[in-house]
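K.L.:
Got a predicted structure plus its sequence, pasted below:
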Amino acid sequence: MTASARQDDDVIDMLIDQHAHIRELFTDVKGARGASRQRAFEELRALLAVHETAEEMILRPVAAATAGELEADTRNLEEQDANRTLVLLERMDVDSAEFDRTFLDFELAVLRHAEREEHEEFPAVRAGRSIEERREMGARLRAAVGCSMPRWAA
């Protein structure tokens, strides 16, 4: 079943789908130049903004209860660091050597963050909440990102 066909996925499945799309977009940005690279970067930036906001609003309160406050706080701090780097990237020419260097560091940080979520935070949420609760969280995620759901948000 495709991601867009799944209407009752739990929030963890939805966030993992977003992680996969984030990885694809990193590849797209690195493989493009000029206007195509700018568009791919803007799509990545938009996805990260929605993804991080949804995690902060919907996942982190539950993660604090299931994985612990330290785990939730650490993931939030990683996201804050990524946001600072993203602001720097937004000011750069996407075809510059400086962008390339900073973007590679940014990619590594974001992918490490996603890996920690998938191996530390998400399993605790799965174990600590029923499928019904996770589906309700998924419904809240859908509502938070709006009615016109891009393929990565569905």
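P.N.:
Okay, I see it.
K.L.:
Need the contact partners of the helix-or-strand element of the chain with minimal mean pLDDT.
P.N.:
Least confident helix or strand, the chain: helix 131-145 with a mean of 91, by mean pLDDT, DSSP states H and E. For helix 131-145, contacts defined as Cβ atoms under 8 Å, 6 or more residues apart in numbering pick out 8-15, 50, 53-54, 57-59, 62, 125-126, 129, 149, 153-154. C-beta: built from backbone N, CA, C; applies to glycine.
K.L.:
and it, how far from the chain's centre?
P.N.:
15 Å (Cα atoms, centre = their mean, to the nearest Å).
K.L.:
Equivalent analysis for stretch 99-111, please.
P.N.:
Using Cα atoms, centre = their mean, the offset of stretch 99-111 from its chain centre is 15 Å.
K.L.:
So which bits of it are buried?
P.N.:
Going by neighbour count (16 or more other Cβ atoms under 10 Å), the buried part of stretch 99-111 is 99, 102-103, 106-107, 110.
K.L.:
In helices, which of those residues fall?
P.N.:
99, 102-103, 106-107, 110 (DSSP state H).
K.L.:
mind exporting stretch 51-62 as CSV, just the C-alpha atoms?
P.N.:
What follows is stretch 51-62, C-alpha atoms only, in CSV (Å, rounded to 0.1, in the frame of the first residue of the first chain):
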residue,chain,number,x,y,z
HIS,A,51,8.2,17.8,10.2
GLU,A,52,10.0,19.4,13.1
THR,A,53,6.9,21.4,14.1
ALA,A,54,4.8,18.3,14.1
GLU,A,55,7.3,16.4,16.1
GLU,A,56,7.5,19.1,18.7
MET,A,57,3.8,19.5,19.0
ILE,A,58,2.6,15.9,18.7
LEU,A,59,5.5,13.5,19.3
ARG,A,60,7.7,15.1,21.9
PRO,A,61,5.2,15.4,24.7
VAL,A,62,4.5,11.6,24.4
